[in-house]
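In: Any chance you could fold what I've pasted below:
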Amino acid sequence: MKKKITTSADETKNLGYEIGLLLKDEPHVVILLDGMMGSGKTTLTQGIARGLGIEQIVNSPTYTIMKKYESKDRRKTLYHLDLYRLSDVGSDFDLEEYIDGQGLVVVEWPFQVEEFLPNDYLIIKIKELSENKREFILDCVGYPCKRAVEYI
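Out: Purely as a prediction, here's the structure:
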């Protein structure tokens, strides 16, 4: 488990960038983001995308539930899910396809579908300490992200 503090949106994006760089060679990783609304989940995801080589604008998929992004070289895919508005698990789309598939999956509000979460994941708990200051607690469950967490 690692703890990181950021004091600005840019620092949060840079933390995400580090995470993306460290995980870009893994074939499949699920990242669960646990934090209140406005805590920086999407900002962190923007940095992760940049670390994966994704040049598209990354924004919150709150109303679409899932957005898919590909790196410039098309070697890495990022699935960004926001499950805040998800009701009736399984009726909106086949969630398991993304959770158990390939690529890097970032899930905001993951505990809306706890029964579908994988056995291996990186959970990042985000706590808002002040207007710009955030605490990130990174904990890896399973193998795919252990090495990355060690280097952050």
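In: did I read that right, residue 21 in a strand?
Out: No - going by DSSP: H, G, I helix; E, B strand; the rest coil, the assignment for residue 21 is helix, not a strand.
In: Now for it: which residues touch it?
Out: By Cβ atoms under 8 Å, 6 or more residues apart in numbering, residue 21 lies in contact with residue 51. Where C-beta positions appear, they are placed from N, C-alpha and C, glycine not excepted.
In: centroid residue for the chain?
Out: The centre of the chain sits closest to residue 106, judged by Cα atoms, centre = their mean, with a distance of 3.0 Å.
In: Extract the C-alpha set from the helix or strand harbouring that one and format it as CSV.
Out: Here residue 106, judged by DSSP states H and E, is contained in strand 103-108. Taking C-alpha atoms only, strand 103-108 is exported to CSV below (Å, rounded to 0.1, in the frame of the first residue of the first chain):
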residue,chain,number,x,y,z
GLY,A,103,-6.7,-3.3,-21.9
LEU,A,104,-6.6,-1.1,-18.9
VAL,A,105,-10.0,-0.5,-17.2
VAL,A,106,-10.6,2.5,-14.9
VAL,A,107,-13.9,2.2,-12.9
GLU,A,108,-15.3,5.2,-11.0
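In: who does it pair up with?
Out: Strand 103-108 has its sheet partners listed here by DSSP bridges as strand 28-34 (parallel), strand 77-82 (parallel).
In: so is residue 61 in a helix, a strand, or just coil?
Out: Using three-state DSSP, the structure places residue 61 in coil.
In: Any figure for the gap between it and residue 72?
Out: 21 Å (Cβ to Cβ, to the nearest Å).
In: of those two, who's got more company?
Out: In this view residue 61 and residue 72 are compared by other Cβ atoms under 10 Å, and residue 61 has more residues nearby, 21 against 11.
In: if I read this right, that one contacts residue 68, doesn't it?
Out: No - checked against Cβ atoms under 8 Å, the pair residue 61 and residue 68 is beyond contact range at 9.4 Å.
In: I appreciate the help and will end here.
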